[in-house]
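Asks: coordinates only, sequence not included:
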């Protein structure tokens, strides 16, 4: 039997890249940190605040996201939006993910 | 309990290590995020103070969060430079530590320090050299790790198959065995000639270089040990490989030569001091002593080098050949 903590580690490893893809696809419509966190969780992408925020910064630095402060509401929020480069990256990642899923399905299975 | 205090303190702690330029932007975003998360919890009916505490606890160590924001490594030497660091450190330690040990021991002996002091000083200096080399090498690599973290440049050269160790190096070469025999034969010849006729001509007379009382038992013993040592080298050649057992035998034989040499040096019985006293009236005793020490350390150095060489060859043989053919 595999320890639950061991499974957890591997699952996290497997999910790591998928959060990037989900962010890029979701932020086609502008979104801010906490709202995105909730949406990710609602859609089944388990993410922590302390992984998401640095991730958004990194994607912004790489030019895949752009950001803008919105001060209309009581709480000023930084809104992120996927750039053209980000959309190309998302397309490439989505294609790759499909290929991986296919390859995994084709693997021999224990019956 | 003041609800702003804890969040305020958290933000302060997190921004401390963030570069000035990003600080305001990051702090504002992080503050909004914390407030959003607290609000979500209080909306669900949680106590505000407990909600704040829970949110901050979930965010974790502020230094760690700040490091992930700014892509700062949380390790001393990462996987990119680890192998380079490790190889260089091993190489430097193998070179520097023995040299320091040998030099300090030689210097102390020349200065006429008592045996206990020679041993303790040599040990302290060797440990010190080990620590210094380790520290500075690691420090340099930690700096490289940090200074090249953001830029794309890479100091490591890409690995190619050309860098694999030479496989033929383990084959025991005939030249090694021949040179061992020739060197031993010359040494034995010199010892016998020296004790029988003398090698040093001073004051119109031939004197022996080695102490006369070494003949015949000490000199004879040295000859026997050298013959045995050569036999091990020849045996390795005939069997086409060095083994750890052979290397150990060679090390013991070398030890059996080195230890008596040091003991004889301490007893002033290694070299014949008479020609020095006769030839150099003023400082003869001192010159004799210094020459004795140099000769003794030379012999010990050769013994150590030879033993290490045997182990290096054994390791190469061990790695290169499968253990199936490991018959002694």
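Replies: Sure, I can see it. Quantities reported herein were computed from a predicted structural model and do not represent experimental measurements.
Asks: which parts of stretch B:242-253 count as buried, going by neighbours?
Replies: In terms of neighbour count (16 or more other Cβ atoms under 10 Å in any protein chain shown), stretch B:242-253 has its buried residues at B:242, B:243, B:246, B:247, B:249, B:250, B:251, B:253. Quick note: C-beta positions are derived from backbone N, CA and C, even for glycine.
Asks: ok, so of these, who is nearest residue B:124?
Replies: Checking the buried residues of stretch B:242-253 against residue B:124 with Cβ to Cβ, the nearest one is residue B:251 at 25.0 Å.
Asks: what does the stretch 1-150 of chain B put close to chain A?
Replies: The stretch 1-150 of chain B comes close to chain A at residues B:25-26, B:28-30, B:32-33, B:35-37, B:40, B:58-60, B:64-65, B:68-69, B:71, as judged by Cβ under 8 Å from any Cβ of the partner chain.
Asks: and the buried residues of stretch B:242-253 as JSON lines, adding distance to chain A and pLDDT?
Replies: Output for those, formatted as JSON lines (distance: Cβ to the nearest Cβ, whole Å; pLDDT from 0 to 100):
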{"residue": "B:242", "distance to chain A": "44", "pLDDT": "83"}
{"residue": "B:243", "distance to chain A": "42", "pLDDT": "85"}
{"residue": "B:246", "distance to chain A": "46", "pLDDT": "89"}
{"residue": "B:247", "distance to chain A": "43", "pLDDT": "90"}
{"residue": "B:249", "distance to chain A": "48", "pLDDT": "92"}
{"residue": "B:250", "distance to chain A": "49", "pLDDT": "90"}
{"residue": "B:251", "distance to chain A": "46", "pLDDT": "92"}
{"residue": "B:253", "distance to chain A": "53", "pLDDT": "92"}
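Asks: quick check, central residue of chain A?
Replies: residue A:19 (2.1 Å; Cα atoms, centre = their mean).
Asks: so residue A:97 is in which element?
Replies: helix A:84-105 (DSSP states H and E).
Asks: out of the buried residues of stretch B:242-253, which are inside helices?
Replies: In this view, these that belong to helices under DSSP state H are B:246, B:247, B:249, B:250, B:251, B:253.
Asks: now do the contacts for the last one.
Replies: The reference is to residue B:253. B:225, B:228, B:229, B:232 (Cβ atoms under 8 Å, 6 or more residues apart in numbering or on different chains).
Asks: any of those buried? List them.
Replies: Applying 16+ other Cβ under 10 Å to the contacts of residue B:253 flags B:225, B:229, B:232 as buried.
Asks: what pLDDT is listed against the first one?
Replies: At residue B:225 the predicted local confidence, pLDDT, stands at 91.
Asks: contact partners for it?
Replies: Going by Cβ under 8 Å, 6+ apart, residue B:225 touches B:253, B:256, B:257.
Asks: which residue is the nearest non-sequential neighbour of the second one?
Replies: Which is residue B:256. residue B:225 (5.5 Å; Cβ to Cβ, 6 or more residues apart in numbering or on different chains).
Asks: wait, residue B:109 sits on residue B:294?
Replies: No - using Cβ atoms under 8 Å, residue B:109 makes no contact with residue B:294, being 9.4 Å away.
Asks: which element is the residue in chain B positioned nearest to chain A on?
Replies: When scored by Cβ to the nearest Cβ, chain B has residue B:36 as its residue closest to chain A, at 3.6 Å. Using DSSP H and E, residue B:36 falls within helix B:20-43.
Asks: do residue B:201 as well
Replies: In the assignment (DSSP H and E), residue B:201 maps to strand B:200-202.
Asks: spit out the contact partners of residue B:25.
Replies: Applying Cβ under 8 Å, 6+ apart, the residues contacting residue B:25 are residue A:78.
Asks: look through chain A and state the residue closest to chain B.
Replies: Counting by Cβ to the nearest Cβ, chain A gets nearest chain B through residue A:34, at 3.6 Å.
Asks: confidence score at that residue?
Replies: pLDDT, residue A:34: 90.
Asks: surely it forms part of a helix?
Replies: Yes - using DSSP: H, G, I helix; E, B strand; the rest coil, the assignment for residue A:34 is a helix.
Asks: quick one: it and residue B:33 touch, right?
Replies: Yes - under the criterion of Cβ under 8 Å, residue A:34 is in contact with residue B:33, at a separation of 5.4 Å.
Asks: what touches both of those two?
Replies: Common neighbours of residue A:34 and residue B:33 (Cβ under 8 Å, 6+ apart) are residue A:49.
Asks: helix or strand right after the helix or strand where residue B:138 lies?
Replies: Using DSSP H and E, residue B:138 sits in helix B:115-147. Sequence-wise, the next helix or strand downstream of helix B:115-147 (DSSP H and E) is helix B:174-197.
Asks: re earlier: tell me which of residue B:109 and residue B:294 has more neighbours.
Replies: Remark: of residue B:109 and residue B:294, residue B:109 carries more neighbours, 22 against 14, as counted by other Cβ atoms under 10 Å in any protein chain shown.
Asks: check which residues of whatever helix or strand the more buried one lives in are buried.
Replies: According to DSSP H and E, residue B:109 maps onto helix B:79-110. Neighbour counts over helix B:79-110 (16+ other Cβ under 10 Å) mark B:80-81, B:85, B:89, B:97-98, B:100-102, B:104-106, B:108-109 as buried.
Asks: quick check: which ranges of chain B have low pLDDT?
Replies: B:1-4, B:148-156, B:165-171, B:202-203, B:320-328 (pLDDT under 70).
Asks: no further questions, thank you.
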